[in-house]
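1. got a predicted model here, sequence first, then my questions.
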Amino acid sequence: MATIAVSGSTDINGFTPPDARVFDAPCIITVEQSSLHFHAHVEMPESVLMEPGDKVRVHGDPISIPFGSREVFERTATVTRAGPVKRVLTKVAAYFDLAELYEVSFNAGRIK
């Protein structure tokens, strides 16, 4: 899981993210497909701090696992950092997307 780290710091795996806008980083993908769980999670090194608007593209062959199993894969991902304008626009868009979840109702009386 990604956690907050100081820019240029090295995580426990020895990965140091460059100051470049686009860079490659190792990642771990956990895929589970069962009657209880259906998910895929990508874990980046602790030293890679993801911020609003950043993009991650995982490289490699498509993953297909049989039903009832859970598998872990090591891959390489390309991280593209958002610029300042893209970062602000993403934050504003996220605020309005969150507002869509609100449901407001005006009733003349009390609901029984």
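-> That came through fine.
2. dump the residue contacts of the closest residue to Ser69 other than its chain neighbours.
-> In this structure, Ser69 finds its nearest non-sequential neighbour in Gln33, 6.5 Å apart by Cβ to Cβ, 6 or more residues apart in numbering. To be clear about C-beta, it is placed using only N, CA and C from the backbone, and glycine gets the same treatment. The neighbourhood of Gln33, defined by Cβ atoms under 8 Å, 6 or more residues apart in numbering, consists of Ile65, Pro66, Phe67, Gly68, Ser69, Arg70.
3. recalculate using a threshold of 7 Å.
-> Ile65, Phe67, Ser69 (Cβ atoms under 7 Å, 6 or more residues apart in numbering).
4. distance of the closest residue to Phe67 other than its chain neighbours from Glu74?
-> Of all residues not flanking Phe67 in the chain, Gln33 sits nearest, at 5.6 Å (Cβ to Cβ, 6+ apart). For Gln33, the distance to Glu74 equals 19 Å [Cβ to Cβ, to the nearest Å].
5. again with Ile65
-> Counting by Cβ to Cβ, the gap from Ile65 to Glu74 is 15 Å.
6. those two: which is more packed in?
-> Ile65 (14 against 9; other Cβ atoms under 10 Å).
7. do you know the pLDDT at the more buried one?
-> The model reports Ile65 with a pLDDT of 94.
8. who touches the lowest-mean-pLDDT helix or strand in the chain?
-> For the chain, counting by mean pLDDT, DSSP states H and E, helix 84-99 ranks last in confidence among helices and strands (a mean of 86). Residues external to helix 84-99 that are found in contact with it (Cβ under 7 Å, 6+ apart): Glu51, Pro52, Gly53, Ala82.
9. where does the first one land in three-state SS?
-> State at Glu51, reduced to three classes by DSSP: H, G, I helix; E, B strand; the rest coil: coil.
10. in the protein, where is pLDDT below threshold?
-> Of all residues in the chain, those with pLDDT under 70 make up the ranges 1-19, 100-112.
11. switch to 80 and redo it
-> For the chain, the stretches with pLDDT under 80 are 1-20, 97-112.
12. quick one, phi/psi of the residue nearest to Phe67?
-> Phi and psi for Gln33, reported as degrees, to the nearest 10, are phi -140, psi 100.
13. I'm done for today, thanks for sticking with me.
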